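In: structure for the following, please:
(2 chains)
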Amino acid sequence: MSPSVKVEHLFKSFGNTVALDDITFEVQPGELFGFIGPDGSGKTTLFRILTTLLIPGSGSAEIEGLDVVKDFRKIRDFLGYMPGRFSLYQDLTVEENLKFFAGIFKTTPEANYELVKEIYSQIEPFKNRRAGKLSGGMKQKLALSCALIHKPKVLILDEPTTGVDAVSRREFWEMLARLKKIGITILVSTPYMDEASRCDRVALIQGGKLLSIDAPGKVILGFDQPLWAVKTDNIYNLLTDLRRFEATRTVFLFGQYAHVTMKGKLVSGDPITQYLESKGHKQIEVHKTEPTIEDCFMELMK
Amino acid sequence: MKGFIIKEFYHIFRDLRSMLILFGMPVVQVLLFGFAISNEVKNAPIAILDHSNDYVTRQISSKLLSSGFFIASDAVVDESHIPEIFRKGKVKEIIVFESNFARNLEKDHEAHIQLLADASDPNTANLIVNYTNAIINNYQQEYFAGLSLPVEITTETQMLYNPGLKSVFMFVPGIITILLMLISAMMTSISIAREKEMGTMEVLLVSPLRPMQIIAGKVLPYVILSFINAVTILMMSYFIFGMPVKGSLLLLLAESILFIVMALSLGIFISTVSNSQQMAMMLSMFALMLPTILLSGFIFPIENMPMALQILSNIMPPRWFIIIIKAIMLKGLGLQYIWKETLIIAGMTLFFIGLSVKKFKIRLE
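Out: Predicted coordinates:
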């Protein structure tokens, strides 16, 4: 089966800033492919090239076998795109927005209603409300409905969960999983690492470079350091003290715990406990923990 | 396409600011220009210093004051007060009759009147002095009516197309032009710039819509609204100010539509070079408004401009439209007299549309 999206040695720079540096990857039809990376890592630039909005500096990108530069018109017929900011008309109502976006793709909301039903039915009670007056989660659902209304083959979503509450974020990923089932290829970017495990494969992107592409489970398997979760009564001093500890390799804060890897092989957490006691910490808790995908990314981005 | 136009109407009707600019501004402008801003003299305060105070000077004085152009201010007592009164700005003109005015007139057939005018506002001073002269001349003709002079040259003036010399006749064509230009160009350029600013342009671009469709969808609603505007202004000037439409109304409306489309395509062009609403607004204000007012011949006659500006005024679309409107409304001329101007505007329209379609970015860069 030929890949749905195929990118080879893609470069792009704006002036002296290199935005994309030798990006190569493939996305299979019906795959949910995630890009994880901090702000300014090149996610949006990459998506704009894939959506035919920007021209690559060099290298090539193909969607469904069509070149993003030469065949941009054909690609625009079957591409669904949701830009970083929810690009809705704030002064139009929910229903008017949907109608308009269906209209520019020469279809009607009724024709493809089945596809968006599950998402749109949640905001349908507010169909006469102006889009500008919707909450972040509802805007996101409307924007997704608008991007889907013409039944795209490939859906490209640029940070769709940014600025959206936790519940809506979870619901959103569930919707993507359903869309994937009906065979739509989905490319999605996010700055939230915890969302990576929802994808079939994730690519870590930083500074315009792809650091790794793998299934989320395999990314975790690649983590070969023993990982310690540490907690004391003073979380602020804990981080600075651990960073000063000469045996420490890495320290990152994960919720209430500091995740620590140590130089050399450590059999028990006792040296950490002793060190922290000497620094005056109380209620010290040290135990071994399983790495999450976030630990892996922190490790990769180090 | 249909959806696009409907959407555009929603944008306009739901935005109070757009509605005010579209429908409030024309009405206010026409009324302002029509009533408040006028270069006619009405009720100008004057003072009369009458050293003679005989039946002739009194007749002339009352003729002046009953003309409607002037009203009497505090009478001047003596010459020494004159500079002070002008300094205070109480009067626009002082009329001084020499002593023994009536006797001199009868005996020597010559008497003198001195007219002193406040020329800090030169146009008004000029007008006031001319009006005064005209009234005095008129009196003189009546006075000598019985006598026959040996040689006499009489001028008989006829003001064609605007016998009342009403300034409304001059302003209305100018206002229509400015408003159509401003509203059409500014509103379209802002509405396209807004799509760019809000990020919705990104989605429009990643759709099967062609540049021409996006442009047409933007332009058509404004053609309709601007046309309604033009008709409103015309009706106001006809019913409130008595501005005639001597030529074909149909031709006038057709020319208006042509000019609207020209202004709209200019607006589209502005939006292709500006990325924010702010910039689009500034560009349309400064690049369009000022030249429209100053170089179109609306206020300042083109013939009096320096050569360089005269040449520059040729590329100002309003210049040609003002000529067209005046020709149709005041002179009642047909297309055979204004085909040249019409052709120029049509050419400009094609030029801007072509440029906009060419400059319209199908991508983000």
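In: list the buried residues for the strand or helix carrying residue B:222?
Out: Element membership for residue B:222 (DSSP states H and E) is helix B:211-239. By neighbour count on 16 or more other C-beta atoms under 10 Å in any protein chain shown, the buried set for helix B:211-239 is B:211, B:214-223, B:225-227, B:229-230, B:233-234, B:236-237. No exception for glycine: its C-beta is placed from N, CA and C like everyone else's.
In: residues near the residue in the stretch 1-150 of chain A that chain B sits nearest to, how many?
Out: Closest to chain B within the stretch 1-150 of chain A is residue A:103: 3.0 Å, counting by C-beta to the nearest C-beta. Counted with other C-beta atoms under 10 Å in any protein chain shown, residues neighbouring residue A:103 total 21.
In: thought it was touching residue A:149?
Out: No. Assessed by C-beta atoms under 8 Å, residue A:103 is found out of contact with residue A:149, at 9.4 Å.
In: which strand or helix spans residue A:261?
Out: strand A:257-262.
In: show me what that strand is packed against.
Out: Counting contacts by 3 or more C-beta pairs under 8 Å, 6 or more residues apart in numbering or on different chains; DSSP states H and E, strand A:257-262 packs against strand A:227-231, helix A:235-244, strand A:248-254, helix A:270-278.
In: mind doing that once more with 7 Å?
Out: Secondary-structure packing of strand A:257-262 (3 or more C-beta pairs under 7 Å, 6 or more residues apart in numbering or on different chains; DSSP states H and E): strand A:227-231, helix A:235-244, strand A:248-254.
In: let me know the angle separating the shortest one from strand A:257-262.
Out: Using axes from the mean of the first three to the mean of the last three C-alpha atoms, to 10 degrees, the inter-axis angle of strand A:227-231 relative to strand A:257-262 is 140 degrees.
In: the residue of the stretch 1-150 of chain A closest to chain B: what secondary structure?
Out: Residue A:103 falls in the helix class when you classify it by DSSP: H, G, I helix; E, B strand; the rest coil.
In: who's in contact with it?
Out: By C-beta atoms under 7 Å, 6 or more residues apart in numbering or on different chains, the residues touching residue A:103 are residue B:3.
In: the lengthiest helix in chain A: which residues count as buried?
Out: If you go by DSSP state H, chain A has its longest helix at helix A:166-181. Residues of helix A:166-181 classed as buried: A:168, A:169, A:171, A:172, A:173, A:175, A:176, A:179, A:180 (neighbour count, 16+ other C-beta under 10 Å).
In: how much space between residue B:362 and residue A:188?
Out: For residue B:362, the distance to residue A:188 (C-beta to C-beta, to the nearest Å) stands at 25 Å.
In: residues from chain A in reach of chain B?
Out: Residues of chain A lying close to chain B by C-beta under 7 Å from any C-beta of the partner chain are A:48, A:51-55, A:76-77, A:79, A:81, A:83, A:85, A:87, A:89, A:91-92, A:96, A:99-100, A:103-106.
In: ok, of those residues, which come out buried?
Out: Neighbour counting by 16+ other C-beta under 10 Å classes A:48, A:51-54, A:76, A:79, A:81, A:83, A:85, A:87, A:89, A:91-92, A:96, A:99-100, A:103-105 among those as buried.
In: residue 168 - nearest residue in space that isn't next to it in sequence?
Out: Since you didn't name a chain, this refers to chain A. Leaving out its chain neighbours, the residue that sits closest to residue A:168 by C-beta to C-beta, 6 or more residues apart in numbering or on different chains is residue A:137, at 3.0 Å.
In: hmm, I had chain B in mind actually
Out: Nearest residue to residue B:168, sequence neighbours excluded (C-beta to C-beta, 6+ apart): residue B:241, at 4.2 Å.
In: before we move on, the earlier item: just want to know which of residue B:362 and residue A:188 has more residues nearby.
Out: Ranked by neighbour count (other C-beta under 10 Å), residue B:362 and residue A:188 place residue A:188 first, with 26 against 13.
In: and whatever residue of the stretch 201-302 of chain A ends up closest to chain B, what does it touch?
Out: The nearest approach of the stretch 201-302 of chain A to chain B comes at residue A:208, 17.0 Å away (C-beta to the nearest C-beta). Residue A:208 makes contact with A:18, A:19, A:20, A:21, A:41, A:42 under the criterion C-beta under 7 Å, 6+ apart.
In: what does the pLDDT read for it?
Out: Per-residue confidence (pLDDT) for residue A:208: 89.
In: pretty sure residue B:18 is touching residue B:10, no?
Out: No. Proximity of residue B:18 to residue B:10 does not meet the contact threshold set by C-beta atoms under 7 Å, at 10.9 Å.
In: coming back round to it: direction included, what does the strand holding residue A:261 pair up with?
Out: Sheet pairing of strand A:257-262 (DSSP bridges) gives strand A:227-231 (antiparallel), strand A:248-254 (antiparallel).
In: what's in contact with the shortest one?
Out: Going back to what we said before, that points to strand A:227-231. A:238, A:242, A:256-261, A:269, A:272, A:285-289, A:291, A:295.
In: how much space between residue B:222 and residue B:285?
Out: 17 Å.
In: same question for residue A:159.
Out: 36 Å.
In: neighbour-wise, which of these two wins?
Out: Under the criterion of other C-beta under 10 Å, the comparison of residue A:159 against residue B:285 puts residue A:159 first, with 21 against 13.
In: tell me which helix or strand the residue nearest to the more buried one when sequence neighbours are not counted sits in.
Out: Of all residues not flanking residue A:159 in the chain, residue A:84 sits nearest, at 5.0 Å (C-beta to C-beta, 6+ apart). Of the helices and strands defined by DSSP H and E, none includes residue A:84.
In: how many other residues sit next to residue A:252?
Out: Residue A:252, neighbours per other C-beta under 10 Å, totals 15.
In: find me the pLDDT at it, would you?
Out: At residue A:252, pLDDT is 86.
In: what sits against it?
Out: Here residue A:252 is in contact with A:259, A:298 (C-beta under 7 Å, 6+ apart).
In: recalculate using a threshold of 8 Å.
Out: Taking C-beta atoms under 8 Å, 6 or more residues apart in numbering or on different chains as the contact definition, residue A:252 lies against A:258, A:259, A:295, A:298.
In: swap in residue A:152?
Out: Applying C-beta under 8 Å, 6+ apart, the residues near residue A:152 are A:78, A:79, A:80, A:184.
In: again with residue B:338
Out: B:255, B:323, B:324, B:327, B:328.
In: can those residues go into JSON lines with extra columns for neighbour count?
Out: Converted to JSON lines, those look like this (neighbours: other C-beta atoms under 10 Å in any protein chain shown):
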{"residue": "B:255", "neighbour count": "23"}
{"residue": "B:323", "neighbour count": "20"}
{"residue": "B:324", "neighbour count": "27"}
{"residue": "B:327", "neighbour count": "23"}
{"residue": "B:328", "neighbour count": "26"}
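In: among the residues you listed, which are in helices?
Out: Checking those against DSSP H, those in helices are B:255, B:323, B:324, B:327, B:328.
In: list the contacts for the residue nearest to residue B:168?
Out: B:34, B:166, B:168, B:172.
In: who wins for neighbours among these?
Out: Neighbour-wise, the contacts of residue B:241 (other C-beta under 10 Å) top out at residue B:172, 25 neighbours.
In: pretty sure that residue contacts residue B:233?
Out: Yes. Assessed by C-beta under 8 Å, residue B:172 is found in contact with residue B:233 at 7.4 Å.
In: overlap in contacts of the two?
Out: residue B:30.
In: so which bits of chain B are right by chain A?
Out: Taking C-beta under 8 Å from any C-beta of the partner chain as the measure of proximity, chain B contacts chain A at B:2-4, B:6-7, B:10-11, B:14-15, B:198-200, B:202-209, B:362-365.
In: narrow these to those in helices?
Out: B:2-4, B:6-7, B:10-11, B:198, B:200, B:202-205.
In: show me how to select, in ChimeraX, the buried members of those.
Out: Selecting only the buried entries of those in ChimeraX, with 16+ other C-beta under 10 Å as the criterion:
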select /B:3,4,6,7,10,11,198,200,202,203,204,205
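In: wait, which of the ones in helices among the residues of chain B next to chain A is closest to residue B:95?
Out: residue B:11 (60.1 Å; C-beta to C-beta).
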